[in-house]
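Visitor: Sequence and predicted structure are below.
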Amino acid sequence: MTVSVATLGFPRIGLRRELKFALESYWAGKSSLAELLSAAAGLRALNWGRQKALGADILPSNDFSLYDHVLDTSALIGAIPPRYDWAGESVDPDLYFAMARGAQHDTARAGCGHAHDTTAMEMTKWFDTNYHFLVPELTAGQSFRIASTKIFDEFSEAKALGYPTRPVLLGPVSWLMLAKGKAVEPLALLPALLETYSEILARLAALGADWVQIDEPCLVLDLTDDQRTAFERTYASLATRGPKLMLTTYFGGLGDNLNLVAELPVHGLHLDLVRAPDQLEPALARLQPHVLLSLGVIDGRNIWRANLPDLYWRLKELAAKRDVVLAPSCSLIHVPVDLALETSLDPEVAQWLSFAAQKVEELAALAKALNEGEDASFAAFAASRIAAVARRTSPKIHDPAVAARIAALDTGGARRAASFAARREAQQKRLGLPAYPTTTIGSFPQTPDIRKARAAHVRGEIDDEAYARYLRAETRAAVKWQEEIGLDVLVHGEFERNDMVQYFGEQLAGFAFTRAGWVQSYGSRCVRPPVLYGDVSRPKTMTVDWWRYAQDQTDRPMKGMLTGPVTILNWSFVRDDQPREASCRQIALAIRDEVQDLETAGAAIVQIDEAALREGLPLRRSEWQHYLNWAVECFRIASSAVRDDTQIHTHMCYSEFNDIIRAIGDMDADVISIETARSQMELLDAFASYAYPNAVGPGVYDIHSPRIPAEREMTDLLALACKHISPEQVWVNPDCGLKTRKWDEVRPALIAMVAAAKSMRARTLVKEAYLAR
Ligand code: GLN
Ligand code: ZN
């Protein structure tokens, strides 16, 4: 029996983010389309050569993308929203990038006498990853036809270079399930879509593709009967002719969809055995013997080195009985490219890690051992075992003081001492705020000057003191300006922070940072997630000095500003040797220390941002409650140790609260600021029907747009808010932090926002006077 190795997809951005720079240079008009396309072809050739050299047998093609693979699929099947005015035969790069990023037409080109914009397609997170895809849009009368030759071209390109490949194609049911349509039921479009998919598969077969990797990640979700039927119809029609299909599932187990999948007439099935190791047994019991199994045994979502001897013993018996493919659990686009670039990581931590290139090597070593006997991979196995033992026992990971604190923690007991009503009174006595209090979410513009100063400081061109002096001047100016325009609760502006997670991670024990561990977030944007490798503690205060400096400039309350434990966890690569909630509790204790130190220093208000709480929801509903329970508990561990008259704020920048409103209530923050400007306060419905008692700051200024809102718009929004929740609950603030905006936009917008709050107060006074008559 043979064991072979597949990769499912390799990072497209390049070893040193070459794709990012090629794209951004093209968008800026600094290079030609030919230059961009040749850079892209170069990256693909490198990736194929690299994966082959590292030991992959089955190479993917069409895993590359100039922006996003879901957008590529929409282009392939000609699902172009009507606003792009598409009349062409095939999707050209201008149209493709307009769909991805929006397009500004100048007057001359648009030819209609005035400038107008075509907005980009909506972007959202790809399952529970931090990768964003462009949401397919469907319109009434939607039809499909092959409108991009990318998948065929890249297959042929690889073939010409001497690499037979297995093209990657997003499956039709998942594509439809990810799509949004006005007045269309997506699944009703399935028959039409299947015709186009059949053509695509036939064309790939004609070019010489004997297998296609067809991705259906939606098979790990809760499915309705209609969706199940859609899968049955799809594979009854697609799997019976054309190339063999490797039906690829990832990000979870098939669970109750196993019976459905086992009946589909596909030739191969890929299972995620990292997220769901227990699904192998039942899958083996249910699957036909001729189905080629692809085992996702190496973690495609995390950066830990595998324990190869362990995996070997797990797979040995199975590999002797049937042919198998070994693969990462999912495409490798979710991990950084190559650990070899990390020259400044602590070597002890580095030996525990494995990035995309190393993961292919691990798969190859494992396959070799399974094919030829354990000794064939002696060196790799020995190194892997040594690293695993070292990691298990390292004092860098295990801090007895943290363990003792966690053991002493009264889980579930973390609660504010007094009820919200009592706290509210105590806080009002201390703060004396007017009705409709005004504040901002924390950050002020990160100007090019600030970025320059930070970069110069990182490079060592300006010393700590010069940098701090510069940041103090910025902070002072921001505080003074907030006072001048009459904001009630001030912020220091976060000028000293590079990123809301990295800033804290860098100061906490247990976190490491890579130099080049970039992962694609969307398009040309990449992030470098922190690596949470060990027990977390806070060696010393992290924000108190900056808070004190800012508070010293003013008599108004200055908010302490922290990132919450759940958000720090969700935006990092985290430990796989303990449950996520265990890591989160440790972070929560560290944040709790900081909250208390801020309080002791005199802060009357502390904000703990939980921007990523909602996106951490598991893919299956049955797992939501468990997640929400520990997420809320962690927030409360961080926030509950304060006095009654210390006000805790939290912030969440999204507008979908129906699913989590109960959890929001349980978090029991005194004030929560949320995103609402674009949805016309609709999301307050969730707060209203839950009868949410604490204070809410519904964002009245959409900071995602350069547009400056008028005072009137904001009073209208506030009046609208008062229809959903009681006026006494309402705070006045923007949707989110202002770091991405320019001061020229922020100044007039906040002046208008303060005016809007004042006009609401005046209205209340008039109303009270009227009622008192
Ligand atoms: N306090 C942070 C800021 O203002 C919050 C950012 C966020 O929610 N994403 O930038
Ligand atoms: Zn936000």
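Guide: Here it is on my side, so go on. Numbering: from 1, shown residues only. Ligands and ions are numbered 1, 2, ... in the order given.

Visitor: nearest residue to residue 280 other than its sequence neighbours?
Guide: Setting aside the residues directly before and after it, residue 280 is nearest to residue 273 in space (CB to CB, 6 or more residues apart in numbering), at 5.8 Å. (C-beta placed from N, C-alpha, C; glycine too.)

Visitor: how many neighbours does the one you found have?
Guide: 25 (other CB atoms under 10 Å).

Visitor: What of residue 162?
Guide: The local packing count at residue 162 equals 9, with neighbours defined by other CB under 10 Å.

Visitor: what sits against the residue nearest to residue 280?
Guide: Under the criterion of CB atoms under 8 Å, 6 or more residues apart in numbering, the contact list for residue 273 reads 279, 280, 295, 296, 297, 329.

Visitor: looking at this, the first one is in a strand?
Guide: No - with DSSP: H, G, I helix; E, B strand; the rest coil as the criterion, residue 279 is helix rather than part of a strand.

Visitor: burial measure for residue 633, as a count.
Guide: For residue 633, the number of neighbouring residues by other CB under 10 Å comes to 23.

Visitor: pretty sure it is touching residue 414, no?
Guide: Yes - between residue 633 and residue 414 there is a contact at 6.5 Å, judged by CB atoms under 8 Å.

Visitor: Excluding chain neighbours, give the residue nearest to the closest residue to ligand 2 within the stretch 301-450 of the chain in space.
Guide: Checking the stretch 301-450 of the chain residue by residue against ligand 2 with CB to the ion singles out residue 441 as nearest, at 5.8 Å. Take residue 441 and drop its neighbours on the chain: the residue closest to it by CB to CB, 6+ apart is residue 737, 4.5 Å away.

Visitor: Look at residue 72 and tell me its secondary structure.
Guide: Under three-state DSSP, residue 72 comes out as helix.

Visitor: Now that we're looking at it, what pLDDT does it have?
Guide: Residue 72 is assigned a predicted lDDT (pLDDT) of 98.

Visitor: Need the nearest residue in space to it, chain neighbours excluded.
Guide: Across the structure, with CB to CB, 6+ apart as the measure, the residue nearest residue 72 apart from its sequence neighbours is residue 65 (5.3 Å).

Visitor: Contacts only, for that neighbour.
Guide: Shown here is residue 65, whose contacts under the criterion CB under 8 Å, 6+ apart are 12, 71, 72.

Visitor: Which elements pack onto the host helix or strand of residue 769?
Guide: Taking DSSP states H and E as the definition, one finds residue 769 inside helix 743-772. On a contact count with 3 or more CB pairs under 8 Å, 6 or more residues apart in numbering; DSSP states H and E, helix 743-772 meets helix 464-485, helix 711-724.

Visitor: buried ones in the longest one?
Guide: So that's helix 464-485. Burial within helix 464-485, assessed by neighbour count using 16 or more other CB atoms under 10 Å, is assigned to 467, 468, 470, 471, 472, 474, 475, 476, 478, 479, 481, 482.

Visitor: go on, the last one?
Guide: Within helix 711-724, the residues scored as buried using 16+ other CB under 10 Å are 711, 713, 714, 715, 717, 718, 720, 721, 722, 724.

Visitor: which residues touch the last one?
Guide: Contact criterion CB under 8 Å, 6+ apart gives 681, 684, 685, 687, 688 as the residues in contact with residue 724.

Visitor: Just the buried residues of the residues you listed.
Guide: With burial judged by 16+ other CB under 10 Å, the buried subset of the contacts of residue 724 is 681, 684, 687.

Visitor: taking these one by one, which sit in helices?
Guide: Among the buried ones among the contacts of residue 724, the ones falling in helices (DSSP state H) are 684, 687.

Visitor: Give me the lowest-pLDDT entry from the contacts of residue 724.
Guide: For those, the least confidently modelled position is residue 681, at 83, judged by pLDDT.

Visitor: isn't it right up against residue 720?
Guide: Yes - taking contacts as CB under 8 Å, residue 681 lies within contact range of residue 720: 4.5 Å.

Visitor: List phi and psi for the residue of the chain found nearest ligand 2.
Guide: Closest to ligand 2 within the chain is residue 653: 2.6 Å, counting by CB to the ion. Per-residue torsions, residue 653: phi -100, psi 70 (degrees, to the nearest 10).

Visitor: In contact with residue 140: list those residues for me.
Guide: Applying CB under 8 Å, 6+ apart to residue 140 gives the contacts 182, 183, 184.

Visitor: one more time with 10 Å
Guide: If you count contacts by CB atoms under 10 Å, 6 or more residues apart in numbering, residue 140 has them with 181, 182, 183, 184.

Visitor: Tell me the residues of this structure that contact ligand 1?
Guide: Taking CB under 6 Å from any ligand atom as the contact definition, the chain meets ligand 1 at 441-443, 494, 500, 561, 609, 611, 651, 653, 736-737, 739.

Visitor: Try it again at 5 Å.
Guide: 441, 442, 443, 609, 611, 653, 737, 739 (CB under 5 Å from any ligand atom).

Visitor: ok, now which ones touch the nearest residue to the last one once chain neighbours are set aside?
Guide: The reference is to residue 739. In space, and not counting its chain neighbours, residue 739 is closest to residue 443: 3.7 Å by CB to CB, 6+ apart. By CB under 10 Å, 6+ apart, the contact set of residue 443 is 478, 491-495, 497, 500, 561, 703, 736-741.

Visitor: quick one: the strands in the stretch 551-700 of the chain?
Guide: In chain order, the stretch 551-700 of the chain shows strands spanning 559-563, 605-609, 647-652, 671-674, 695-698, with DSSP state E, counting those that start in this stretch as the criterion.

Visitor: What is the burial count for residue 302?
Guide: By the other CB under 10 Å criterion, the neighbourhood of residue 302 contains 18 residues.

Visitor: Does it belong to a helix, a strand or coil?
Guide: On the basis of three-state DSSP, residue 302 is classed as coil.

Visitor: same check, this time on residue 311
Guide: Here residue 311 is recorded as helix under three-state DSSP.

Visitor: Do you know the pLDDT at whatever residue of the chain ends up closest to ligand 1?
Guide: When distances are taken as CB to the nearest ligand atom, the chain approaches ligand 1 most closely through residue 737, which lies 2.1 Å from it. Residue 737 is assigned 96 on the pLDDT scale.

Visitor: Run a quick neighbour tally on residue 655.
Guide: Neighbours of residue 655 using other CB under 10 Å come to 20.

Visitor: is it true that it touches residue 687?
Guide: No - proximity of residue 655 to residue 687 does not meet the contact threshold set by CB atoms under 10 Å, at 11.6 Å.

Visitor: Quick check: neighbours shared by the two?
Guide: What both residue 655 and residue 687 touch, as defined by CB under 10 Å, 6+ apart, is the set 674, 681, 698.

Visitor: that older thread, between the helices and strands packed on helix 743-772, which gets the lowest average pLDDT?
Guide: Taking the mean pLDDT of each of the helices and strands packed on helix 743-772, the lowest value is held by helix 711-724, a mean of 95.

Visitor: Since that was my last question, I'll sign off now.
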